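Enquirer: build the 3D model from these lines:
(2 chains)
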Number of protein chains: 2
Amino acid sequence: MKIALSQLNYRIADFELNTDKMLSHIQRAKQAGADLIVFSELAVGGYPAKDLLINDDFLIRCNQELKRICESCSDIACIIGAPVVNNNGQGKRLFNSALLIENQSVQQIVHKTLLPDYDVFDECRYFEANREPKCITFKGYKIALTICEDLWDDGVTNSYNGKLQTELSQQSPDLIINIAASPFSYDQYEKRQTVLQRNVIKINAPLIYVNQVGAHMDLIFDGRSLAINRKSETVLELAPFQEDLQFVALQNGDLTTRSPSRLTTQSHAEIDLIHQALITGLREYFSKSGFTKAILGLSGGLDSAVVAALACEALGPENVLAVLMPSVYSSDHSLKDALDLVKNTGCLHQVVPIHSVTSAFEESLAESFSDLPSDTTEENIQARTRGTLLMALSNKFGHILLNTSNKSEAAVGYGTLYGDMAGSISVIGDLYKTQVFRLARYLNRNEEVIPQHTISKPPSAELRPNQKDADSLPDYELLDAVLFQFIEMKRSKNQVIQLGFDADLVQRVYGMLSRAEFKRFQAPPTLRVSSRAFGPGWMMPLVAKYE
Amino acid sequence: MKIALSQLNYRIADFELNTDKMLSHIQRAKQAGADLIVFSELAVGGYPAKDLLINDDFLIRCNQELKRICESCSDIACIIGAPVVNNNGQGKRLFNSALLIENQSVQQIVHKTLLPDYDVFDECRYFEANREPKCITFKGYKIALTICEDLWDDGVTNSYNGKLQTELSQQSPDLIINIAASPFSYDQYEKRQTVLQRNVIKINAPLIYVNQVGAHMDLIFDGRSLAINRKSETVLELAPFQEDLQFVALQNGDLTTRSPSRLTTQSHAEIDLIHQALITGLREYFSKSGFTKAILGLSGGLDSAVVAALACEALGPENVLAVLMPSVYSSDHSLKDALDLVKNTGCLHQVVPIHSVTSAFEESLAESFSDLPSDTTEENIQARTRGTLLMALSNKFGHILLNTSNKSEAAVGYGTLYGDMAGSISVIGDLYKTQVFRLARYLNRNEEVIPQHTISKPPSAELRPNQKDADSLPDYELLDAVLFQFIEMKRSKNQVIQLGFDADLVQRVYGMLSRAEFKRFQAPPTLRVSSRAFGPGWMMPLVAKYE
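Expert: Numbering: from 1, shown residues only, chains lettered A, B, ... in the order given. This next block holds a predicted model:
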């Protein structure tokens, strides 16, 4: 039996586009003589469709598209993810389902059993869980048809009850198929391989895993669909971050492929994956919102330089406008460093000094402020003047404003709301400052993109004379290490102290982290590349006592 | 048996404060000779604690406070809500539990069976559901101890499986106790009464319902705890929007009270409840964040006038600074109307004209904009100049900036991100413009607070000469009616058209609503008074095809 793995990039609610893509893969799979083609989770409608799932028109359109797909399934069968209405009269209105289409109609349906509801996932909001897991039968083969989280009951990431895997293994399937929509994080691929291999052993069958690719707002999908044989060997891996269609054969009780060259032999270093993910996230955000042009403020510092370089790569330098907005506190080298970046990348640029505007603000407020000393108020005015200038250019010419904050800053609130925290999408907001340095060096792997001086000089917001980040913040190596424990490792203050970090430092960082909740609430969506990003994966009360 | 209903206002994670309040009520209940005191859902730790629930220090502190409460429970028993660790080795880490404390220790525990995961609720993110509902026994009485949603399996709001109520009724309890944390919306109280009365009949026992009071960020809690006898009559109702402690007796198989005067006889009109809710929400947001002073921009228009009046009532006029920021497009009457509001409320005010700043912006951008005609860019510059001035005053003097957008504007994107959409909390962002008019008239019920001309003049943003809202938007009566169908009624476009609204209008409104998702993503938290507010109850994809 020949099986096609279809790894596609869907746009949420773009029914015709999505179906057209699927029909094209069905056609190619037929021509290749495949018996079955497998699409990813919720391929119909797109994942995550969020509250569109409670919109009746959305569900009607899903069913219309399913009919079109059924019609094309002559001489080939198809497994596809779609929302299916729950007619049991109790529980949530929908199931998250996998449908087997054969002879142009839906023949068997399996609903998702394990619904993730943690981190960025909220599937219990929409879906009722399946309580009767069963195998489907196709061409005499018994297939354990599962959906994403169904195979993640590993007792490590998640502790469900182990029941699903036990029941499936008792039915002795010939094959496991898992259709997924599994968001990228830089440590996800290895976890995923391990989890899938464990399922091969536990359920005792080879496995086909089909993931989607692309990005939706904050979530990035790496694809890398897999076929794993009974020996837990990966016999096929689809391309990372790209659409792909590949074939695998189920014969003599195991999965094999004629093209072992499809196997990824190059190692995907963490920083390489992060780079590919951010390019994908950025490109998809623009193409799926119907925009082509980006704007950003270029300070001469590291963060905006890295974002500019990524934007040039994702969108083309001709679509990226870098705006240099020097103030009286900007150092000479800042303007030079920024112009070097412009030269290196070939992006467009403008210089708009901010002094006349900040002076006008300060004069307008002079009476109110009387003789009070300068403080962060005046620094924030500079940042908000820049934000307003960028938004004005964005409004006038139709650019999307890129936010250039990093995760360390977002964590401790080292940024100005409506100023440098403005933007439609935060590009590196899930990278700690130390990771931004690593990414900068990676971007320079072949030639200088990020000016060397931008990397080597001490980080500074340049909002007052001789300001350095180190005046207000702990050393980034240390700060990021503590933040990582709080955020990704979900450790509490006492637990972090027990790891050996200085108690005062831990208390100080925790205080900054907590006090910045109100700022993050209004931050733009952030491209997620870690296992825990700010945004839907980090839901903290704004009004609470943080000790 | 005498039972105390303790309706308290908790602060999330403020363990000592919360416990001290409870200990004081325990003391008063003891003095009154009560056998049992009942606190609300998750009283220990506070509700909603969100991701603090995955923090070990938080859980350790909850247990410490539970011990303090146990110690005080001599000569009285107590029922209290707290998170309890799930030691079953599978499922979510916690239960949302009700504990019976007797003789200074926890004697019986019941976990919540029905976990809400819709609208603003995401309890499946944290809690494992109970699968073995059972009654507890206290002083020989069998008590069906339930937690909030457990009684909401009404087949209307929610369709679970009816199993919990059936099992409880089969155990023939003497009393139902429901501990709750049930957020206010203006139509919630009647729904709640109906649902609770149905439970009295179905389970066949009188019912005690204890809700919390106060507010946490967007969510407002109205209290109004209840005792309902076997005839479905409300024999006791605690104060709305205030802490309260009242007593009820279980004797001769039914609930009775000696103080029928506690019964709410006055009708609580919708607008009266909304008014009380907003005052509570505003006051609590400030007190729980440790702030006293508010700032807002006062335009002379309706929205900012209503917000200023509410703030004066909630915080005292001496703590409210209204900033009048006229531009060349401001009409003469705007300044007069704003000053009339200042006079009527007694709040502080400043006048800061924006012309010099907007001119400086326009000059800085003159080269970039060359001879392009004026458009919304220049309007947004005015709004962002005002936002920056307000934030500067807020930063310098420690005010919280109040956002003055209404729900109609937020819905259709009629507002400037980082401009008039700025602020720490949106006060009337869950009220349609037509409701803001109603609230203004209500505020004037005794004397003129909102200047008559502010109410009678046609709404205008005054960002260009002779601008009126009606130039860009449908008539508010019509707009709000369509929005209500989309938002509160969750109807789809075709369903709204089938109600008889003009198809072009419905399409136009749906288009505006969808295109504004990206703005709402960065909006401040909004005091929730309807059954569906923007924020956590409205989760839409930003990047999707909205037809």
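
Enquirer: which stretches of the stretch 51-200 of chain A form strands?
Expert: Taking DSSP state E, counting those that start in this stretch, the strands of the stretch 51-200 of chain A run over residues A:77-85, A:94-102, A:105-111, A:136-138, A:141-147, A:175-179.

Enquirer: cool, and the stretch 301-450 of chain A?
Expert: Under DSSP E, counting those that start in this stretch, the stretch 301-450 of chain A gives strands at A:320-324, A:348-351, A:400-403, A:425-426.

Enquirer: export those strands to JSON lines and tack on distance to A:Tyr418, mean pLDDT and mean neighbour count?
Expert: Glycine gets a C-beta too; all of them are placed from N, C-alpha and C. Below are these laid out as JSON lines (distance: least, Cβ to Cβ, whole Å; pLDDT from 0 to 100; neighbours: other Cβ atoms under 10 Å in any protein chain shown):
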{"stretch": "strand A:320-324", "distance to A:Tyr418": "17", "mean pLDDT": "98", "mean neighbour count": "25"}
{"stretch": "strand A:348-351", "distance to A:Tyr418": "21", "mean pLDDT": "98", "mean neighbour count": "16"}
{"stretch": "strand A:400-403", "distance to A:Tyr418": "12", "mean pLDDT": "98", "mean neighbour count": "25"}
{"stretch": "strand A:425-426", "distance to A:Tyr418": "14", "mean pLDDT": "98", "mean neighbour count": "26"}
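
Enquirer: most tightly surrounded among the strands of the stretch 51-200 of chain A?
Expert: Most buried of the strands of the stretch 51-200 of chain A, by mean neighbour count (mean count of other Cβ atoms under 10 Å in any protein chain shown): strand A:175-179, with a mean of 27.

Enquirer: helices and strands around that one, which ones?
Expert: Contacts defined by 3 or more Cβ pairs under 8 Å, 6 or more residues apart in numbering or on different chains; DSSP states H and E place strand A:175-179 against strand A:77-85, strand A:141-147, helix A:188-199, strand A:207-210.

Enquirer: mean pLDDT added to the strands of the stretch 51-200 of chain A, as a markdown table?
Expert: Formatted as a markdown table, the strands of the stretch 51-200 of chain A follow (pLDDT from 0 to 100):
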| stretch | mean pLDDT |
| --- | --- |
| strand A:77-85 | 98 |
| strand A:94-102 | 98 |
| strand A:105-111 | 98 |
| strand A:136-138 | 97 |
| strand A:141-147 | 98 |
| strand A:175-179 | 98 |
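
Enquirer: how about those, which one is nearest B:Glu243?
Expert: strand A:94-102 (40.9 Å; Cβ to Cβ).

Enquirer: who touches the closest one?
Expert: A:41-42, A:53, A:59, A:66, A:69-70, A:73, A:77-86, A:106-112, A:115, A:123, A:126-128, A:130, A:136, A:138, A:145-147, A:177, A:179 (Cβ atoms under 8 Å, 6 or more residues apart in numbering or on different chains).

Enquirer: run the chain-centre distance for that strand.
Expert: Distance of strand A:94-102 from its chain centroid, counting by Cα atoms, centre = their mean, to the nearest Å, is 25 Å.

Enquirer: for the stretch 351-500 of chain A, which segments are assigned as helices?
Expert: Using DSSP state H, counting those that start in this stretch, the helices of the stretch 351-500 of chain A run over residues A:355-369, A:376-397, A:407-412, A:433-443, A:452-456, A:469-472, A:476-486, A:493-498.

Enquirer: let me have those in TSV, extended by mean pLDDT, distance to chain B and mean neighbour count.
Expert: Below are those laid out as TSV (pLDDT from 0 to 100; distance: least, Cβ to the nearest Cβ, whole Å; neighbours: other Cβ atoms under 10 Å in any protein chain shown):
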stretch	mean pLDDT	distance to chain B	mean neighbour count
helix A:355-369	97	4	18
helix A:376-397	98	4	23
helix A:407-412	98	14	25
helix A:433-443	98	23	20
helix A:452-456	96	25	15
helix A:469-472	88	16	13
helix A:476-486	98	9	20
helix A:493-498	97	5	18
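
Enquirer: mind giving me JSON lines with these and columns for distance to A:Leu219?
Expert: Output for those, formatted as JSON lines (distance: least, Cβ to Cβ, whole Å):
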{"stretch": "helix A:355-369", "distance to A:Leu219": "37"}
{"stretch": "helix A:376-397", "distance to A:Leu219": "24"}
{"stretch": "helix A:407-412", "distance to A:Leu219": "16"}
{"stretch": "helix A:433-443", "distance to A:Leu219": "19"}
{"stretch": "helix A:452-456", "distance to A:Leu219": "30"}
{"stretch": "helix A:469-472", "distance to A:Leu219": "30"}
{"stretch": "helix A:476-486", "distance to A:Leu219": "21"}
{"stretch": "helix A:493-498", "distance to A:Leu219": "28"}
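
Enquirer: who wins for proximity to B:Phe369 among the ones you listed?
Expert: Of the helices of the stretch 351-500 of chain A, nearest to B:Phe369 by Cβ to Cβ is helix A:376-397, at 6.0 Å.

Enquirer: with just CA atoms, put the closest one into PDB.
Expert: Backbone C-alpha positions of helix A:376-397 (Å, rounded to 0.1, in the frame of the first residue of the first chain) are rendered in PDB as follows:
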ATOM      1  CA  THR A 376      11.900  58.100  32.900                       C
ATOM      2  CA  THR A 377       9.000  60.300  31.800                       C
ATOM      3  CA  GLU A 378      11.300  62.200  29.400                       C
ATOM      4  CA  GLU A 379      12.900  58.900  28.200                       C
ATOM      5  CA  ASN A 380       9.400  57.600  27.500                       C
ATOM      6  CA  ILE A 381       8.500  60.700  25.500                       C
ATOM      7  CA  GLN A 382      11.500  60.000  23.200                       C
ATOM      8  CA  ALA A 383      10.300  56.400  22.700                       C
ATOM      9  CA  ARG A 384       6.700  57.400  22.100                       C
ATOM     10  CA  THR A 385       7.800  60.100  19.700                       C
ATOM     11  CA  ARG A 386       9.600  57.400  17.700                       C
ATOM     12  CA  GLY A 387       6.600  55.100  17.900                       C
ATOM     13  CA  THR A 388       4.300  57.900  16.600                       C
ATOM     14  CA  LEU A 389       6.600  58.700  13.800                       C
ATOM     15  CA  LEU A 390       6.800  55.100  12.700                       C
ATOM     16  CA  MET A 391       3.000  54.600  12.900                       C
ATOM     17  CA  ALA A 392       2.500  57.800  10.900                       C
ATOM     18  CA  LEU A 393       4.700  56.500   8.100                       C
ATOM     19  CA  SER A 394       3.000  53.100   8.400                       C
ATOM     20  CA  ASN A 395      -0.400  54.700   8.200                       C
ATOM     21  CA  LYS A 396       0.500  56.900   5.200                       C
ATOM     22  CA  PHE A 397       2.300  54.300   3.100                       C
END
